[in-house]
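**Q** sequence first, then the predicted structure:
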Amino acid sequence: MAIRLAYLFSFLFLFLYSIFTLFGIGLSLEPGMEIGGVSRWCERVSDSIFREPVNTLTNLAFMVTGLIMFHVLNRDEENVNTFHTLTPIAILYASAAIFLGPGSFLMHGTHTEWGGWADNLSMVMYIVIPWLYNFKVMAKWSVSTFFKVYLSIIIAYGLGRWFLGDGMGIGFSVYGVSIGIWVVSEFLFRFWSQRMRFISGFIGFLVAAIFGITLRKFLVILISIGGSSFSGYPDLFATLSLITSEGIFLGILLECFYIFQLS
């Protein structure tokens, strides 16, 4: 059933996109851009149903990859691993991989504001899963709790991005922060201890250098996740966290996690 729905969504998306854009519905141009000009993604803008044909069509690879995931999961034998067989979390991961395609497809294909929103939403839907799953395992959440937290994050981000625009009006990047949390949470998942909580903050420096996460974003990751050394200084923690808009989100999220952390 899950595989059929995945195929149905994929083909229905491509069908509806083709129908609407053939009639000129849903197509636009970025401000200051014209047909024949070069977009900021290094492709000449076309007057076809795809504003950027190459950048648009290459996103089919995400959809194909996601569908392959479903087939692999369907053939898996029963296993205690959450990502074997068509378990709820495995289905979510494969579905998020598929949706990366339509999200970026809409942005590069239409050059609309809502296309950019769909692209950002698809990336966040995918990148949140790995680190939130690590939190689930370390905090011993149920599958139900995992999905409730996941949906809360996605809905909050989707609404914030739609009504407040890129950065949700305060320069807040869920995607950028998630990269740091993902890597650091992987480190803690494999090497959990109070000492490693502190060391994990320095792992974040490497992540920041590789992915271009700004110092102000990383400061919150360092202090929040390496918080064992600052646990006696709540005022310091609060002050440093509020230096960034990301700190509000990370401070609340990570402190909630520590409440349910492993002893």
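**A** Received the coordinates, thanks.

**Q** tell me which residue lies nearest the centroid of the chain.
**A** Central residue of the chain (Cα atoms, centre = their mean): V124, 2.2 Å from the mean position.

**Q** now do it against T87, distance only.
**A** In this view, V124 and T87 are 22 Å apart by Cβ to Cβ, to the nearest Å. The C-beta positions use only the backbone N, C-alpha and C, and glycine is treated the same way.

**Q** so which bits of the helix or strand harbouring M138 are buried?
**A** Using DSSP states H and E, M138 maps to helix 113-139. Neighbour counts over helix 113-139 (16 or more other Cβ atoms under 10 Å) mark 115-136, 138-139 as buried.

**Q** per-residue confidence at the residue nearest to the centre of the chain?
**A** If you check V124, the pLDDT there is 95.

**Q** circling back: now do the helix holding M138: distance to the chain's middle.
**A** Taking Cα atoms, centre = their mean, to the nearest Å, the mean C-alpha location of helix 113-139 is offset from the chain mean by 3 Å.

**Q** swap in stretch 88-95?
**A** Centre-to-centre, stretch 88-95 and its host chain are 14 Å apart (Cα atoms, centre = their mean).

**Q** could you tell me whether R51 really is in a helix?
**A** No. Assignment of R51 by DSSP: H, G, I helix; E, B strand; the rest coil gives coil, placing it outside any helix.

**Q** wait, it touches M107, no?
**A** No. With contacts counted by Cβ atoms under 8 Å, R51 stays clear of M107, the gap being 9.3 Å.

**Q** rewinding a little: which positions in the helix or strand following the helix holding M138 come out as buried?
**A** Where DSSP H and E defines the elements, the next helix or strand beyond helix 113-139 is helix 143-164. Judged by neighbour count (16+ other Cβ under 10 Å), helix 143-164 contains these buried residues: 146-147, 149-150, 153-154, 157-158, 160-161.

**Q** mean confidence (pLDDT) on stretch 83-96, please.
**A** Averaging pLDDT along stretch 83-96 gives 93.

**Q** just the CA trace of that stretch, in PDB.
**A** C-alpha atoms of stretch 83-96 as PDB (Å, rounded to 0.1, in the frame of the first residue of the first chain):
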ATOM      1  CA  PHE A  83      14.900   1.300   9.200                       C
ATOM      2  CA  HIS A  84      14.300  -2.300   8.100                       C
ATOM      3  CA  THR A  85      11.000  -3.200   6.400                       C
ATOM      4  CA  LEU A  86       8.100  -0.700   6.000                       C
ATOM      5  CA  THR A  87       8.100   0.600   9.600                       C
ATOM      6  CA  PRO A  88       6.400   4.000  10.200                       C
ATOM      7  CA  ILE A  89       9.700   5.900  10.600                       C
ATOM      8  CA  ALA A  90      11.300   4.200   7.500                       C
ATOM      9  CA  ILE A  91       8.200   5.100   5.500                       C
ATOM     10  CA  LEU A  92       8.600   8.700   6.700                       C
ATOM     11  CA  TYR A  93      12.200   8.800   5.700                       C
ATOM     12  CA  ALA A  94      11.600   7.400   2.200                       C
ATOM     13  CA  SER A  95       8.700   9.800   1.700                       C
ATOM     14  CA  ALA A  96      10.700  12.800   2.700                       C
END
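
**Q** how about it: buried residues?
**A** 85, 87, 89-96.

**Q** now, which of the residues you listed lie within helices?
**A** Among those, DSSP state H puts 89-96 in helices.

**Q** which member of the residues you listed is positioned nearest E77?
**A** A90 (13.5 Å; Cβ to Cβ).

**Q** how near is that closest one to L188?
**A** 23 Å.

**Q** can you tell me how far the residue nearest to M168 when sequence neighbours are not counted is from V124?
**A** Once flanking residues are discounted, M168 sits nearest to G160: 4.1 Å by Cβ to Cβ, 6 or more residues apart in numbering. As judged by Cβ to Cβ, G160 and V124 stand 11 Å apart.
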